[in-house]
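>>> would you be able to build a 3D model of this:
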Amino acid sequence: MIKRAMGFTATIFSVFIFSLAVNAEPLDKALDRAEVLKAEGVSAAFVLLKAAPSWKSVDAAGKKSVAAKAKNLVDEYAAKVVADVYRASGTSKDTDLFLRLHAYDPDQNQKFIKDLLSPGALGRYFVLQDTRLGATKGLVYAPKFPDLLAQLKALKYEGQPPVFGIMVTVDKSREWWDLPEKERLEMMEEHTVQTLPFIKDVKRKLYHARGIGKNDFVTYFETADLKAFDGLIAVLKSVKEARYTVYGTPLIGRIATFDEALE
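This next block holds a predicted model:
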């Protein structure tokens, strides 16, 4: 009787353990990139790197080894940080490579950057040129215009898979912040209406940086059509709001893997 009861208990315990093993999620499950990019309150960092002169003397095998170490670091932080890589050599004199990082905890972005710049990753051959910080928020002006907001939600990117990632800093003048809200709303409505035709060819994401970074905003674009991007920037600089806005020089990089970015 006792043996039979013990056997029954052991069976129940085994089933319970098996159930836990099947249903439990891995503790180090990677972040869902699409979900992170849509979320509000996410911390972002653009990390701009310049190759040291010694990088030119590294052979192909050595570059693959460095790329592998960088990829391993991305995998190590996959549950905490989403990292995108861009090759900027040839499009910028000061930046050869840049990364766009997203994390729910800004401290994780900082730790990732620190480890990335260690000699065991990229630190032996790459120097940090700059870091631009930002955070995601919900739409500020568009919800004030329900019809316009409906148009924004209805329009989708229709272009080829994006090839280029582009970072542009944005700063507002003191006069902008001193304007009555009604005037700012009117100008932002014009801003939004004029840019609607470009949504099908250029993806755009805004990061709020006032108070946490060097700029008021950091804007990120993705596209396969640089001509369309050029047209979008021309429109942005033509509206009334542009009188109160300073756009930084676009940093254009090719969306890449570490192997491609470091070849």
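
>>> surely Lys71 meets Phe258?
Yes - between Lys71 and Phe258 a contact is recorded at 5.2 Å, counting by CB atoms under 8 Å. C-beta coordinates here come from the backbone N, C-alpha and C atoms, glycine included.

>>> so what's the predicted local confidence for the residue nearest in space to the middle of the chain?
Centroid-nearest residue in the chain, with CA atoms, centre = their mean: Arg100, separated by 4.2 Å. Looking at Arg100, its pLDDT reads 98.

>>> what lines up beside the strand or helix carrying it in the sheet?
Using DSSP states H and E, Arg100 falls within strand 97-103. According to DSSP bridges, strand 97-103 has the following sheet partners: strand 43-51 (antiparallel), strand 82-87 (antiparallel).

>>> which SSE is immediately downstream of that strand?
helix 106-116.

>>> the next helix or strand after that next one vs strand 97-103, what angle?
Next helix or strand after helix 106-116 toward the C-terminus (DSSP H and E): strand 126-135. Between strand 126-135 and strand 97-103, the angle comes out at 40 degrees (axes from the mean of the first three to the mean of the last three CA atoms, to 10 degrees).

>>> for the next helix-or-strand element following strand 126-135, buried residues please.
Downstream of strand 126-135, the first helix or strand assigned by DSSP H and E is helix 146-154. Using 16 or more other CB atoms under 10 Å as the test for burial, helix 146-154 gives Leu148, Leu152.

>>> helix 146-154: how far from the chain's middle?
Relative to its chain's centre, helix 146-154 lies at 24 Å (CA atoms, centre = their mean, to the nearest Å).

>>> now for that helix, which elements pack on it?
If contacts are counted by 3 or more CB pairs under 8 Å, 6 or more residues apart in numbering; DSSP states H and E, helix 146-154 sits against helix 181-195.

>>> show me the helices in the stretch 151-263 of the chain, by range?
174-178, 181-195, 226-236, 258-261 (DSSP state H, counting those that start in this stretch).

>>> which residues sit against the first one?
I take that to be helix 174-178. When contacts are defined by CB atoms under 8 Å, 6 or more residues apart in numbering, helix 174-178 is touched by residues Arg184, Glu241, Tyr244, Thr245.

>>> also the shortest one?
Counting contacts by CB under 8 Å, 6+ apart, the residues outside helix 258-261 that touch it are Lys64, Ala67, Ala68, Ala70, Lys71, Val74, Val85, Tyr86, Arg87, Leu97, Arg254.

>>> burial measure for the nearest residue in space to Leu117 that is not next to it in sequence, as a count.
Excluding its sequence neighbours, the residue lying closest to Leu117 (CB to CB, 6 or more residues apart in numbering) is Gly123, at 4.3 Å. Gly123 has 16 neighbours, counted by other CB atoms under 10 Å.
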